[in-house]
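> Turn this into a structure:
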Amino acid sequence: MTAYAIAHLQEAAPHPEIAEYIERITATFAPYGGRFLVHATQHEVKEGSWPGHVVVIGFPGLAEARAWWDSPAYQEIAPLRSRHIDGDIILVDGVSDTYDPAGTARTMREAMRTP
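This is a model prediction of the structure:
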């Protein structure tokens, strides 16, 4: 099942280390089947606030996403970003093509009935 690395990164002043990070990141996730799905694009806030930028990298599965994050290649370049940009980053499983949210609602309703 597809998994995603999702980053919500705050605004940052341009810096040579950030440019180097951007130049090098693709080579770190390509061996794990990763690819940018969202990067350097504008977003439109519909509710709440979402300052900064959104990055989404897709992977074949959560194991590949974790392997990329933990890889020596990524860990080597991560400080180039983290020294200059604050943000939140998560790894998350996607849902299957047959996912039906009604099943989640049923489970929720059943849990509410249980004393």
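> For residue 42, see how far away residue 110 is.
Separation of residue 110 from residue 42 (CB to CB, to the nearest Å) stands at 41 Å. The C-beta positions use only the backbone N, C-alpha and C, and glycine is treated the same way.
> Those two: which is more packed in?
residue 110 (9 against 6; other CB atoms under 10 Å).
> Can you name the residues in contact with the helix or strand hosting the more buried one?
Residue 110 belongs to helix 101-113 when assigned by DSSP states H and E. For helix 101-113, contacts defined as CB atoms under 8 Å, 6 or more residues apart in numbering pick out no residues.
> Distance from it to the middle of the chain?
In terms of CA atoms, centre = their mean, to the nearest Å, the centre of helix 101-113 is found 28 Å from the chain centre.
> ok, which stretches of the protein are strands?
Under the criterion DSSP state E, the chain carries strands at the ranges 3-9, 35-38, 53-59, 87-93.
> what about those strands, which gets the closest to residue 15?
strand 3-9 (13.1 Å; CB to CB).
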